[in-house]
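Enquirer: when you get a sec, could you give me coordinates for this:
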Amino acid sequence: MTVAERAAEAWRRLKAEDEDILVGDPGPERMFDDRVYKRGALAVHAVRMAVGDLAFFAVLQDWTTSHRHGSATTQDFIMAVSSATAVDAEPLLHPWLYEELLPPLPLP
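Expert: Purely as a prediction, here's the structure:
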């Protein structure tokens, strides 16, 4: 199964669930809800589709190196993507993280 197929399957499953969670701040009762993980993964997939593979994997390499043995915030990641690419990651990621309705599946 390709990455695009896996993303589409995850998106379809999420679309069938209640759309009542804010992934960027799910609260203590929902922080381990499967939808947080699936939608978070799709948010990262949206970044990949927006910036392309070369830039995406460069950002991830830099991100993991920069934050090795440390912690970072979602906002730190958004700023890292924005500064390393030509994409403004805030409007790209906001619907995935801070809105309840599931955004459209990003297509290759």
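
Enquirer: so where's this protein shaky on pLDDT?
Expert: By pLDDT under 70, the chain has no low-scoring segment.

Enquirer: which one in it is furthest away from the centre?
Expert: Counting by CA atoms, centre = their mean, the extreme residue of the chain relative to its mean C-alpha position is His69, 21.5 Å from that point.

Enquirer: and it, how far from Ser83?
Expert: According to CB to CB, to the nearest Å, His69 stands 22 Å off from Ser83. Placement of C-beta: from N, CA and C, glycine included.

Enquirer: could you do Met31 as well?
Expert: Counting by CB to CB, the gap from Met31 to Ser83 is 28 Å.

Enquirer: do the same with Ala58
Expert: Taking CB to CB, one finds Ala58 at 12 Å from Ser83.

Enquirer: and Phe56, by the same measure?
Expert: Relative to Ser83, and taking CB to CB, Phe56 is found at 14 Å.

Enquirer: so between those two, which is more surrounded?
Expert: Under the criterion of other CB atoms under 10 Å, the comparison of Phe56 against Ser83 puts Phe56 first, with 19 against 10.

Enquirer: ok, now which ones touch the more buried one?
Expert: Going by CB atoms under 8 Å, 6 or more residues apart in numbering, Phe56 touches 47-48.

Enquirer: one more: Val51?
Expert: 59, 81, 85-87.

Enquirer: try 7 Å this time
Expert: 85, 87 (CB atoms under 7 Å, 6 or more residues apart in numbering).

Enquirer: so which helix or strand takes in the residue nearest the centre of the chain?
Expert: The chain has Ala43 as the residue nearest its centroid, 2.0 Å off, counting by CA atoms, centre = their mean. Ala43 belongs to helix 34-51 when assigned by DSSP states H and E.

Enquirer: pull out the buried positions in that helix.
Expert: 35-36, 38-40, 42-51 (16 or more other CB atoms under 10 Å).

Enquirer: right, I'll leave it there.
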